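Asks: Here is my input; please provide its structure:
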Amino acid sequence: GDVYKRQFVEHPEIPMDNNVVERTLREPVVGRKNYAGSRALWSGQLLVQMLSLLATLKLWRLKPRRWLTAYLEACAQAGGHAPAEPSRWLPWNLSPEQQRVWAREPVAQDST
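Replies: Okay, here's the model as predicted:
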């Protein structure tokens, strides 16, 4: 008991709740019946990959629609295939300009 309580005092960067994870899981759980699709294995695997991608983009404060549109346009320019260097599309490899263009608008801070 006390050992765990002390961790929050000694390491203030540790969140005291799990709300971020719970909110991230809420969308897939609420939509699971709508996402059933054909119940084929490939569709379930695609769903998991897309949910992981969308969660990653949100964590990096990127607009998923902007990023996905740019990525699919690059696929179209590559003749319908993945771009030659797909790793450059990972959020941590984006240029500052790409991050700026695809970023979500900053949340307005309350001045009170």
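
Asks: SS state for Thr24?
Replies: helix (DSSP: H, G, I helix; E, B strand; the rest coil).

Asks: Might one say that it is in contact with Leu54?
Replies: No - Thr24 lies out of contact with Leu54 (C-beta atoms under 8 Å); the separation is 9.7 Å. (Each C-beta comes from the backbone N, C-alpha and C, glycine too.)

Asks: if you count what's nearby, which of these two comes out ahead?
Replies: More neighbours surround Leu54 than the other of Thr24 and Leu54, with 18 against 14 (other C-beta atoms under 10 Å).

Asks: what distance separates the start and the end of stretch 55-66?
Replies: End-to-end distance of stretch 55-66 (C-alpha to C-alpha, to the nearest Å): 14 Å.

Asks: Tell me the buried residues in the longest helix seen in the chain?
Replies: Scanning the chain for the helix with the most residues, using DSSP state H, yields helix 41-59. By 16 or more other C-beta atoms under 10 Å, the buried positions in helix 41-59 come out as Leu47, Leu51, Leu54, Leu57.

Asks: For those, point out the one with the lowest pLDDT.
Replies: Sorting the buried residues of helix 41-59 by pLDDT puts Leu47 at the bottom of the list (82).

Asks: ok, back up a step: helix or strand next in line after the longest helix of the chain, which one?
Replies: Proceeding N to C from helix 41-59, the next assigned helix or strand is helix 64-77, under DSSP states H and E.

Asks: any idea of the angle that following helix forms with helix 41-59?
Replies: 120 degrees (axes from the mean of the first three to the mean of the last three C-alpha atoms, to 10 degrees).

Asks: any idea how far helix 64-77 is from the chain center?
Replies: 15 Å (C-alpha atoms, centre = their mean, to the nearest Å).

Asks: residue ranges with poor pLDDT in the protein?
Replies: Flagging of the chain using pLDDT under 70 yields the residue ranges 1, 4, 32-38, 106-112.

Asks: could you redo the last one with a cut-off of 80?
Replies: Scanning the chain for pLDDT under 80 picks out the ranges 1-8, 14-18, 20-21, 23-41, 43-44, 105-112.

Asks: Put together a markdown table for the buried residues of helix 41-59, with distance to Lys5 on each row.
Replies: Listed next are the buried residues of helix 41-59 as a markdown table, based on distance: C-beta to C-beta, whole Å:
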| residue | distance to Lys5 |
| --- | --- |
| Leu47 | 39 |
| Leu51 | 34 |
| Leu54 | 35 |
| Leu57 | 35 |
